[in-house]
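# can't give you the sequence, but here's the structure:
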Ligand code: DGY
């Protein structure tokens, strides 16, 4: 029997997904430092048939010249692939796959969690107790913003945006407005209580909460900038579980400090793991370390999806999730 393809995981995965991979491939796991250093990448490109990167990887230009490398495919562990130069991959015959679908619910859950956490003082209240500041129930302490019935604006109405709309509409009676580059079927949208608006500005103007669900990189970099933050209501909140670079983080920090908007729930940052120095001190934002897909179930399914893509690739079949 031919040797099993050799695969490098650039960071450790949940155990069940690694075990499944080991049934088909010879697996090595880069254990640290993270992200995987460039010299390790260069060596890995000559050693492995496939590499499975994640959002934290800095992929060297050499990776895209597949004919010079042993590595012919990147099985990305994640749906977002703005860390991969897809144009260069196409030109260099490097195949790439991703993991859509399996993290939709986990990410929408996290977005709704951040919305509730920042609007209702769930995170602030927790710190209030831990800091020993709770003196007892009080009719005016830590008053939050009412969520049920408030208008939710969604930017990017793909799988995760629609899952967010579903939670808001069915769980919290929230009217939903959204912006999406392509037209979404009206019946599909209205089944989720959602209405497509022509511009991002219109969504920002109407919404009490704005949740971002568009891809990062390219023209979406700083989609939410100082001008667009000013279009939001001063009572509104921004939720970002998409990509950090969609928001100009300095402009957002300023907007949170001077009351341009009421608050933010952030799971992603422009230069992870660095967070803008002003944000941690602000009580009107809740900060999470990129946890959108972070459940055991979801992360395992992401690994299994990488595996199915690589199995197809080495069987010379089309990868189910080729990018
Ligand atoms: C995704 O899958 O895009 C998550 O943000 C992790 O990369």
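On my side now, so go ahead. On a predicted model such as this, the values are computed, not experimentally measured, just so you know. Residues are numbered from 1 along each chain as shown.
# spell out which parts of this protein neighbour the ligand.
54, 55, 78, 79, 80, 103, 292, 293 (Cβ under 6 Å from any ligand atom). C-beta here means a position set from N, CA and C on the backbone, and glycine is covered the same way.
# next, format these as JSON lines and append pLDDT.
Shown next, in JSON lines, are the residues of the chain next to the ligand (pLDDT from 0 to 100):
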{"residue": "54", "pLDDT": "98"}
{"residue": "55", "pLDDT": "97"}
{"residue": "78", "pLDDT": "98"}
{"residue": "79", "pLDDT": "97"}
{"residue": "80", "pLDDT": "96"}
{"residue": "103", "pLDDT": "98"}
{"residue": "292", "pLDDT": "98"}
{"residue": "293", "pLDDT": "98"}
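# any chance of the residues you listed in a markdown table, with distance to residue 280 too?
Shown next, in a markdown table, are the residues of the chain next to the ligand (distance: Cβ to Cβ, whole Å):
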| residue | distance to residue 280 |
| --- | --- |
| 54 | 24 |
| 55 | 22 |
| 78 | 25 |
| 79 | 28 |
| 80 | 24 |
| 103 | 26 |
| 292 | 20 |
| 293 | 23 |
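# just give me the closest of these to residue 207.
residue 292 (20.5 Å; Cβ to Cβ).
# which residue, other than its chain neighbours, is closest to the closest one?
Leaving aside its sequence neighbours, residue 292 sits nearest to residue 107 (Cβ to Cβ, 6 or more residues apart in numbering; 4.0 Å).
# residue 144 too?
residue 120 (4.1 Å).
# cool, and residue 51?
Closest to residue 51 by Cβ to Cβ, 6+ apart is residue 8, at 4.9 Å.
# and residue 150, by the same measure?
Residue 150 sits nearest to residue 208 (Cβ to Cβ, 6+ apart), 3.8 Å away.
# the one you found contacts residue 237, correct?
Yes. Contact criterion Cβ atoms under 8 Å: residue 208 and residue 237 qualify, at 7.4 Å.
# list residues touching both of the two?
Residues touching both residue 208 and residue 237 (Cβ atoms under 8 Å, 6 or more residues apart in numbering) are residue 145.
# so which of these two has more stuff around it?
residue 237 (26 against 22; other Cβ atoms under 10 Å).
# quick check, the more buried one in contact with residue 118.
Yes. Using Cβ under 8 Å, residue 237 is in contact with residue 118, at 5.7 Å.
# list the contacts of residue 36.
Residue 36 sits in contact with 10, 11, 30, 44, 57, where contact means Cβ under 8 Å, 6+ apart.
# so which of those belong to helices?
residue 44 (DSSP state H).
# between the contacts of residue 36, which sits nearest the ligand?
residue 57 (10.0 Å; Cβ to the nearest ligand atom).
# hmm, back to that, and the pLDDT at the residue nearest to residue 51?
With respect to pLDDT, residue 8 has a value of 98.
# swap in residue 32?
89.
# residue 28: what secondary structure?
Assigned with DSSP: H, G, I helix; E, B strand; the rest coil, residue 28 falls in the strand class.
# sorry, back to before: got any residues that touch both of residue 237 and residue 118?
Joint contacts of residue 237 and residue 118 (Cβ under 8 Å, 6+ apart) are 263, 264, 265.
# what sits closest to the last one if chain neighbours are left out?
Excluding its sequence neighbours, the residue lying closest to residue 265 (Cβ to Cβ, 6+ apart) is residue 114, at 3.0 Å.
# how near is the one you found to residue 235?
17 Å (Cβ to Cβ, to the nearest Å).
# these two: who's more crowded?
Taking neighbours as other Cβ under 10 Å, residue 114 and residue 235 compare with residue 114 leading, 29 against 12.
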